[in-house]
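# 3D, please:
(one chain, ligands or ions: 1)
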Amino acid sequence: MTLPLLDGLPPEGLSPERLAEVARKVHRPLAEVWGVVRFYPRYGEEKDGRYLVDDPVARARGFETLLRQADGTHPPLGLEALAPVFLQRKRGQTLVETPQGPVPLSEHTLPFSLAHGQRLLPPEPLLQLEDYRAWGGLALLKAMAEGRLSGERVLEGVEEAGLLGRGGAAFPAARKMRQVAQAPGEKYLVVNADESEPGNFKDRFLLEHNPFLVLEGALLAAKAVGAGRVWLYVRWEFQAALRRLEAAIRALEEAGLLLLPTEVFPSGGLYICGEETALLESMEGRRAEPRLKPPYPVEKGLFGRPTLVNNVETLASLPVLLREGQAWRREEPKLFSISGDVERPGLYELPLGTPLGEALRRAGGEPEALLAVLLGGAAGVFVRDFSLPLKYRGPRPIGAGAVVAYNRERDLFQVMEGLAAFFAQESCGKCFPCALGTQVQLSLVQRRSRDEGLLRDLEATLRGSLCGLGQSAYWAYKSLLEVEGAR
Ligand code: SF4
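Below is the predicted model of the structure:
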């Protein structure tokens, strides 16, 4: 694993000597290690200055004016509910500007007042084991440790619930788990906590405020499929979440409830790291470029072994659905990150199928005053139908659950330019349709093109991309033109 060896960098960054040492340790050519290091922004040089966090909410709120106050932009950090937000970089330290003053990025957590829910979102942050136990947690983990809960029962519970993966693709969770459970030999579980989707801050919130719930779900799933180890692959910028998870792992270990070796793996800091096979590539020490499928990770994942890769919210849902059974199924709870032009932006736990208009009203939004909503983040679509039920299946799937509201004053083309720039920047460059298509899309959006022929070609090109990043990059643009046409 190359990336962990690069941690604990000296203040002057990565020296040639340090890289040569890493190359020797991992028995790889120096050129290859350089190629890996250059790929991840985490190891890049950071210039001092003031940076605007460039998310879909900041884009809507006078981006050009905000940019004049900044020295550049920084990719989304899950701060949409607080946007616009600036970062200050100085002397090797990054600070988040908040109304209360600058806070070190390493300390910055999402305020708890953003949470509105019950099952996944506790009334207060649960950072001590005893608090989590008092909230009703740990009982299942204890039952499994004492042999009163079998892995098969966990699998059946997930099957009965019909849980769909919460990472965006909505793949049936039980089907993946069964495949790994049936695979022979050594197996692993990887928690995908590399949330980088603009508009989404649900996983970051869970990691920062309810880390034991994520760990309990991960350990139950790992035991159920027969995995021998658990890794939590966490976006490295979420440093408070990383620390809280590590503390929670230690507390479980001391309580004798860490059923399997479990460790945190800080990611490299790119959107593509959230694609499950790119994530595995990066854990194996290479550039985070998606693999050709099949084989799927459930057959051949980390280090060639069957691997269950699940999103944070998917695993956090496990203890809750196993505890509640029928009640969980009646009103299947889902987290929605609601931001933009609503009075109370934040994280809302709502039953799947809630109409979009009702979700917006819960957050203090008035659908009548809105121009459109970006549903599902960068890989999502602009919609105007506020009666739309928020579901996974249907013409407008919810993706990971981002809802960004725009009032009638907003310039959606400016928002779209941010999304197009994001895709062009985050394309890993492995396949030509995406590497070219995302650049062309950016130039078309900048020209505010409505040329139907060009747009058809762009769509056809991007559709031929290897992974979801390229394949979904055009959806927002296409839906923007539909929404604009309806005005
Ligand atoms: S679609 Fe884009 S991100 Fe995905 S493999 Fe191709 S170039 Fe990389």
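# which non-adjacent residue is nearest the residue in the stretch 151-300 of the chain that the ligand sits nearest to?
When distances are taken as C-beta to the nearest ligand atom, the stretch 151-300 of the chain approaches the ligand most closely through Pro290, which lies 4.4 Å from it. C-beta: built from backbone N, CA, C; applies to glycine. Distance criterion C-beta to C-beta, 6 or more residues apart in numbering; nearest residue to Pro290, sequence neighbours excluded, is Cys467 at 4.1 Å.
# Where do the strands of the stretch 51-200 of the chain begin and end?
Assigned by DSSP state E, counting those that start in this stretch, the stretch 51-200 of the chain shows strands spanning 72-74, 86-90, 93-98, 101-104, 115-116, 188-193.
# Turn those into TSV, including mean pLDDT, mean neighbour count and distance to the ligand.
Output for the strands of the stretch 51-200 of the chain, formatted as TSV (pLDDT from 0 to 100; neighbours: other C-beta atoms under 10 Å; distance: least, C-beta to the nearest ligand atom, whole Å):
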stretch	mean pLDDT	mean neighbour count	distance to the ligand
strand 72-74	95	18	20
strand 86-90	95	17	25
strand 93-98	95	17	26
strand 101-104	95	12	32
strand 115-116	96	20	32
strand 188-193	98	27	16
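# re earlier: just the element for the residue of the stretch 151-300 of the chain closest to the ligand, please.
Taking DSSP states H and E as the definition, one finds Pro290 inside no helix or strand.
# how much space between it and Leu370?
Distance of Pro290 to Leu370, given as C-beta to C-beta, to the nearest Å: 35 Å.
# Neighbours of the closest residue to Pro351 other than its chain neighbours, how many?
For Pro351, ignoring the flanking residues on the chain, the nearest one in space by C-beta to C-beta, 6+ apart is Glu331 at 4.2 Å. Residues lying near Glu331 (other C-beta atoms under 10 Å) number 14.
# Compute the first-to-last residue distance for stretch 143-156.
Taking C-alpha to C-alpha, to the nearest Å as the measure, stretch 143-156 stretches 16 Å from start to finish.
# got JSON lines for the strands of the stretch 51-200 of the chain, with distance to Arg18 too?
JSON lines is the format used below for the strands of the stretch 51-200 of the chain (distance: least, C-beta to C-beta, whole Å):
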{"stretch": "strand 72-74", "distance to Arg18": "25"}
{"stretch": "strand 86-90", "distance to Arg18": "22"}
{"stretch": "strand 93-98", "distance to Arg18": "21"}
{"stretch": "strand 101-104", "distance to Arg18": "25"}
{"stretch": "strand 115-116", "distance to Arg18": "41"}
{"stretch": "strand 188-193", "distance to Arg18": "27"}
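# ok, now which ones touch the residue most central in space within the chain?
When the chain is reduced to its mean C-alpha position, the closest residue under C-alpha atoms, centre = their mean turns out to be Glu195, at 1.8 Å. Contacts of Glu195 were listed using C-beta atoms under 8 Å, 6 or more residues apart in numbering, and they are 78, 201-204, 235, 238, 274, 312, 400.
# and stretch 355-375, how far from the chain's centre?
23 Å (C-alpha atoms, centre = their mean, to the nearest Å).
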